[in-house]
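Peer 1: could you work out the structure for the sequence below:
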Amino acid sequence: MSSIKAKNLTSLTLTFILLTSILFPVVSASGGAEHPVGSGPKEWWIEYPAQHSNAGSAVDHPSWALDLLEEKAVLVFIHKNNCPSCAVQEPDIKKVLEELGDETAYRDLLIDNGDQKAWEGINIYDPNGGVMTYVPVTIFLTLVSGPSGEAEVAWHSVTGYSGERQIRSYLNDAIALYEENSAKWDR
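Peer 2: A predicted model of the protein is given here:
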């Protein structure tokens with residue numbers, strides 16, 4: 001009878017471990033970040049990602065973005081008037097910023113008025129390399145640990161509507177990674 005109880009206990013323990021690993025995944029190698037550093041569509045990028053027309057190339061981050069990054073993790077929202085996807089993305093961003101705005105440098109860039117930063121942001125941070133430029137473009141910038149232990153700029157961006165959950169996920173990552181690595185950044 002004790003061997004049956006032991007088997008049941010082992011089976012129950014394995015089921016518990018499996019369920020918790022599915023429901024609460026182990027944090028990635030990027031500290032407490034949900035999304036790892038890499039080249040895939042859901043990762044933090046140091047170079048242009050795999051789906052980009054300049055895949056594997058270095059990113060020439062604009063000085064205005066790096067200036068923002070000196071203080072906090074960065075969220076940039078590039079949009080235009082009369083854009084349906086922009087109209088639903090903007091309230092989701094504002095809702096997330098109500099909670100995380102103190103830990104975030106936020107820039108709202110309207111492309112309709114010819115804002116040079118908005119066009120520069122789209123040209124640099126469109127995740128697909130400007131193959132088809134869509135707005136909104138939501139951009140996250142943070143710092144990650146580089147191969148020699150120094151901090152490097154990492155980014156992630158999405159075009160179109162992504163929703164509150166995804167915005168919150170990447171912004172939480174950006175803040176945690178920034179806090180972990182900002183002291184090691186020598187711009």
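Peer 1: can we go C-alpha only for contacts and neighbour counts from here?
Peer 2: Will do.
Peer 1: neighbours around residue 165, how many?
Peer 2: 12 (other CA atoms under 10 Å).
Peer 1: any idea how far residue 73 is from it?
Peer 2: 18 Å (CA to CA, to the nearest Å).
Peer 1: same check on residue 67?
Peer 2: Looking at residue 67 against residue 73, where the rule is CA to CA, the gap reads 11 Å.
Peer 1: who has more neighbours out of those two?
Peer 2: residue 73 (26 against 13).
Peer 1: start to end distance for stretch 59-68?
Peer 2: 16 Å.
Peer 1: what of stretch 146-154?
Peer 2: Terminal residues of stretch 146-154 are spaced 10 Å apart (CA to CA).
Peer 1: got the buried residues for it?
Peer 2: Neighbour counts over stretch 146-154 (16 or more other CA atoms under 10 Å) mark 151-154 as buried.
Peer 1: give me the neighbour count for residue 70.
Peer 2: With other CA under 10 Å as criterion, residue 70 counts 17.
Peer 1: just residue 125 next, same as before
Peer 2: 25.
Peer 1: before we move on, what about the one 10 residues further on?
Peer 2: Using other CA under 10 Å, residue 135 is surrounded by 21 other residues.
Peer 1: over to the one 5 residues further on?
Peer 2: Using other CA under 10 Å, residue 140 has 25 neighbouring residues.
Peer 1: and if you look at the one 4 residues further on?
Peer 2: Burial measure for residue 144: 30 neighbouring residues, criterion other CA under 10 Å.
Peer 1: same deal with residue 176?
Peer 2: Neighbour tally, residue 176, other CA under 10 Å: 21.
Peer 1: next, work out how far apart it and residue 142 are.
Peer 2: Taking CA to CA, one finds residue 176 at 9 Å from residue 142.
Peer 1: buried set for stretch 123-137?
Peer 2: 124-129, 134-137.
Peer 1: closest one of those to residue 101?
Peer 2: Each of the buried residues of stretch 123-137 was checked against residue 101 using CA to CA; the closest is residue 137, at 18.5 Å.
Peer 1: test my guess that the closest one contacts residue 126.
Peer 2: Yes. Here residue 137 reaches residue 126: they are 7.0 Å apart, a contact under CA atoms under 8 Å.
Peer 1: any shared contact partners between the two?
Peer 2: 157-159 (CA atoms under 8 Å, 6 or more residues apart in numbering).
Peer 1: and which of the residues you listed is nearest residue 182?
Peer 2: So of the shared contacts of residue 137 and residue 126, ranked by how close each gets to residue 182 (CA to CA), first place is residue 157, at 20.4 Å.
Peer 1: how far away is the closest one from residue 62?
Peer 2: On the measure of CA to CA, residue 157 and residue 62 end up 15 Å apart.
Peer 1: neighbour count winner among the two?
Peer 2: residue 157 (24 against 12).
Peer 1: wait, what's in contact with the closest residue to that one other than its chain neighbours?
Peer 2: Computed as CA to CA, 6 or more residues apart in numbering, the closest residue to residue 157 that is not its neighbour in sequence is residue 139, at 4.3 Å. Each residue near residue 139 by CA under 8 Å, 6+ apart is listed here: 74-77, 125, 155-158.
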